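Engineer: predicted model and sequence follow; I will ask about them next.
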Amino acid sequence: MGHLHHATFGWLTPVLSYVMACIGAALGLRCTVRALGSTGRSRRNWLLTAASALGTGIWTMHFVAMLGFSVSGTDIRYDVPLTILSLLVAVVVVSAGVFAVGYSRDRNRALLLGGLTTGLGVASMHYLGMAAVRLHGAVHYDPMLVGLSVLIAVVAATAALWAALNIRSPVAVTVASLVMGAAVSSMHYTGMFAVSVHVTPSGSPLPGATAMQFIFPLAVGLGSYLFLTSAFVALSPTAGEREASASAQRPVAGAAR
């Protein structure tokens, strides 16, 4: 039985992964708030940005945390196509949940359906990512902890969508993002504690890429996307600010006549 390390680099990867989850959650919430105050193409674009932010934030959180994952007695590699598929799953299912909330007339039904769909999608992303792990040995899971991790994912996703519908102020969004980041991180580490590995020593090379060859550059790229998008959203005027600006210009236009 191989000994599992979930924080090979100490607190660096758990803290950094939590920060990435919070950034993705905050950006997703702010974009959803903007979407609900918009119509037409603008609403669609804000919802797409919200979904991509939440999806990439969750995925980046997972794989930044995986940078600290190691098993004594074996190297670890990652199957590149499966890892990319896990990213696509995260973005697609989060999109489904966000758009369900953004366009449905029955918000309560959309919240429940979207939370369930998104939560199951987040759990699928996690376990697809784990299926991409290549090592010398066999990976086993504790069914009870797996079930608990899926439940946490569904609850966290439902809470995220509820927050998107009901929270407006920047302070409240910040608090909600911190809570959601903690929930997503809890789901990840609950799923990781469900893992046990029976190592079979071997000198044969493992297929796939190392975390530093593939996961780290991709996580850095997605993290940069989140930071740049956050700056864009912060600098974009809200619907209220646009209305206030338009109202301020009307008297000037009238006086000019």
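Structural biologist: Yep, that arrived. Residues are numbered from 1 along each chain as shown.
Engineer: pretty sure residue 130 contacts residue 149?
Structural biologist: No: in terms of Cβ atoms under 8 Å, residue 130 does not count as a neighbour of residue 149; the distance is 10.7 Å. No exception for glycine: its C-beta is placed from N, CA and C like everyone else's.
Engineer: what's the overlap in contacts for those two?
Structural biologist: Taking Cβ atoms under 8 Å, 6 or more residues apart in numbering as the criterion, residue 130 and residue 149 both touch residue 191.
Engineer: who has more neighbours, these two?
Structural biologist: The neighbour count for residue 130 versus residue 149, taken as other Cβ atoms under 10 Å, is higher for residue 149 (24 against 19).
Engineer: check contacts around that one.
Structural biologist: With contacts defined as Cβ under 8 Å, 6+ apart, residue 149 is in contact with 123, 126, 187-188, 190-191, 194.
Engineer: where do the helices sit along the stretch 51-200 of the chain?
Structural biologist: 80-103, 107-131, 143-166, 170-193 (DSSP state H, counting those that start in this stretch).
Engineer: residue 38 is nearest to which of those?
Structural biologist: In this view, the helices of the stretch 51-200 of the chain are compared for proximity to residue 38 by Cβ to Cβ, and helix 80-103 is the closest at 9.7 Å.
Engineer: angle of that closest one against helix 107-131?
Structural biologist: Relative orientation of helix 80-103 and helix 107-131, computed by axes from the mean of the first three to the mean of the last three Cα atoms, to 10 degrees: 170 degrees.
Engineer: what helices or strands is helix 80-103 leaning on?
Structural biologist: Secondary-structure packing of helix 80-103 (3 or more Cβ pairs under 8 Å, 6 or more residues apart in numbering; DSSP states H and E): helix 12-36, helix 40-66, helix 107-131, helix 143-166.
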